[in-house]
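**Q** Using only what follows, build the 3D model:
(2 chains)
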2 protein chains.
Amino acid sequence: MNNTVIRCAEADDYKAIIAHVDAWWGGRRMAQMLPKLFFVHFCQTSFVAEQDGHIVGFVFGFVSQSYPDEGYIHFVGVHPGFRKGGLGHLLYERVFEAMIRVGCRKVRCVTSPVNKGSIAFHLHLGFKPEISERIIEGISVFEDYDGPGEDRVLFSRTLSRTAVR
Amino acid sequence: MNNTVIRCAEADDYKAIIAHVDAWWGGRRMAQMLPKLFFVHFCQTSFVAEQDGHIVGFVFGFVSQSYPDEGYIHFVGVHPGFRKGGLGHLLYERVFEAMIRVGCRKVRCVTSPVNKGSIAFHLHLGFKPEISERIIEGISVFEDYDGPGEDRVLFSRTLSRTAVR
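**A** Next up, the predicted model:
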């Protein structure tokens, strides 16, 4: 990843990302989770990774307006050919730094209990699952959190300057 | 609407709204446009209308973090039995007031060019369409704005204390 550049996301990145995002998830319909508003209105805490002029990863976060000392990471994606190389980790670090800069002391995100890779990734980065009454394969799950049948693991992590490289 | 109460949206409203929103749109799949994050993180600029303990309308807005003097209205819905009575107008006024209170001077939203009711509603409330090169039935349309085939009318409106009742 020597020549990978991470920069703030821009509205003009929308077409390039939306054209590929479903394919990066093996054909799952993901694009609907990324309406253009995330590209336009949350640039400070959203980043893309480029290599040779092509977007190979992205992350979209924002600062909670209900809880201004908390950030929320909505969506992260890495090109299948660039996984396992630490790019997701680098993208998250950029978001953490940006959130700390605007006063956040905690960051949250949610993931699906079936997405074992995502759960391992977040645990590795120091996220802790919120405790629920239902435990599945050792991790707390909130039933129907994102709609009927849409169970979620709710992760949070303290943000502090010393915790980020 | 004498006994209609408008209050801030809360995370706990999610289940009630998501259970009905597709039906309010005549069966169109709208729920995916309203992930729970809007209920959790943008409470200051999001409202629900209740009558006799039942939610009959809602609006979800936020303050742009890229353009902090601009608000954005993401989603508004009114129960079919409560339309044409001014409830949408009342919900928008509450959002305008909330956005002005936190320093917004402009509010934006987007709608589909085929949604004539929405276009008329926004023009009536003083929104102006952003000018594009493509005019369809008298209104500027941005092609593929929200993805392939997803054309949008981009509305904006100045916010000032005197413009709100």
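
**Q** gap between A:Ile136 and A:Arg157?
**A** For A:Ile136, the distance to A:Arg157 equals 21 Å [CB to CB, to the nearest Å]. Every C-beta, even on glycine, is put in place using the N, C-alpha and C of the backbone.

**Q** higher neighbour count, these two?
**A** A:Arg157 (19 against 13; other CB atoms under 10 Å in any protein chain shown).

**Q** Would you agree A:Ser140 is in contact with A:Pro113?
**A** No - applying CB atoms under 8 Å as the test, A:Ser140 and A:Pro113 come out as separate, 9.3 Å apart.

**Q** what residues do those two have in common as contacts?
**A** A:Val153 (CB atoms under 8 Å, 6 or more residues apart in numbering or on different chains).

**Q** more neighbours, these two?
**A** A:Pro113 (19 against 16).

**Q** mind checking how far the more buried one is from A:Phe60?
**A** 22 Å.

**Q** Repeat that for A:Tyr92.
**A** Plainly put, A:Tyr92 is 12 Å away from A:Phe60 if you go by CB to CB.

**Q** and what of A:Pro148?
**A** 25 Å.

**Q** These two - which one has more neighbours?
**A** Using other CB under 10 Å as the criterion, A:Pro148 and A:Phe60 rank with A:Phe60 on top: 23 against 10.

**Q** which neighbours do A:Tyr92 and A:Phe60 share?
**A** In contact with both A:Tyr92 and A:Phe60: A:Ile73, A:Val76, using CB under 8 Å, 6+ apart.

**Q** what ranges do the strands span in chain A?
**A** Using DSSP state E, the strands of chain A run over A:4-8, A:46-51, A:54-63, A:70-78, A:106-111, A:128-129, A:134-136, A:139-141, A:153-158.

**Q** Serialize the ones you listed to JSON lines and add fields for distance to chain B and mean pLDDT.
**A** Formatted as JSON lines, the strands of chain A follow (distance: least, CB to the nearest CB, whole Å; pLDDT from 0 to 100):
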{"stretch": "strand A:4-8", "distance to chain B": "9", "mean pLDDT": "96"}
{"stretch": "strand A:46-51", "distance to chain B": "9", "mean pLDDT": "97"}
{"stretch": "strand A:54-63", "distance to chain B": "6", "mean pLDDT": "97"}
{"stretch": "strand A:70-78", "distance to chain B": "6", "mean pLDDT": "96"}
{"stretch": "strand A:106-111", "distance to chain B": "8", "mean pLDDT": "97"}
{"stretch": "strand A:128-129", "distance to chain B": "17", "mean pLDDT": "97"}
{"stretch": "strand A:134-136", "distance to chain B": "17", "mean pLDDT": "92"}
{"stretch": "strand A:139-141", "distance to chain B": "15", "mean pLDDT": "96"}
{"stretch": "strand A:153-158", "distance to chain B": "10", "mean pLDDT": "98"}
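
**Q** Kindly reformat those strands as TSV containing distance to B:Gly126.
**A** Shown next, in TSV, are the strands of chain A (distance: least, CB to CB, whole Å):
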stretch	distance to B:Gly126
strand A:4-8	33
strand A:46-51	31
strand A:54-63	28
strand A:70-78	31
strand A:106-111	36
strand A:128-129	46
strand A:134-136	48
strand A:139-141	46
strand A:153-158	40
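
**Q** Looking at the ones you listed, which is nearest to B:Leu37?
**A** strand A:70-78 (6.3 Å; CB to CB).

**Q** Would you mark the buried spots in that closest one?
**A** Buried positions in strand A:70-78, judged by neighbour count with 16 or more other CB atoms under 10 Å in any protein chain shown: A:Glu70, A:Gly71, A:Tyr72, A:Ile73, A:His74, A:Phe75, A:Val76, A:Gly77, A:Val78.

**Q** Next, count neighbours for the nearest residue to the third one once chain neighbours are set aside.
**A** Excluding the flanking residues, the one nearest A:Tyr72 by CB to CB, 6 or more residues apart in numbering or on different chains is A:Arg108, at 5.2 Å. Here the neighbour count serves as a burial measure; for A:Arg108 (other CB under 10 Å) it reads 21.

**Q** wouldn't A:Arg108 be in contact with A:Arg152 here?
**A** No - applying CB under 8 Å, one finds A:Arg108 not in contact with A:Arg152, separated by 11.2 Å.

**Q** The nearest residue to A:Lys106 once chain neighbours are set aside: what's it in contact with?
**A** Distance criterion CB to CB, 6+ apart; nearest residue to A:Lys106, sequence neighbours excluded, is A:Glu70 at 4.8 Å. Applying CB under 8 Å, 6+ apart to A:Glu70 gives the contacts A:Val63, A:Ser64, A:Cys104, A:Arg105, A:Lys106, A:Val107, A:Arg108.

**Q** Great, nothing more from me.
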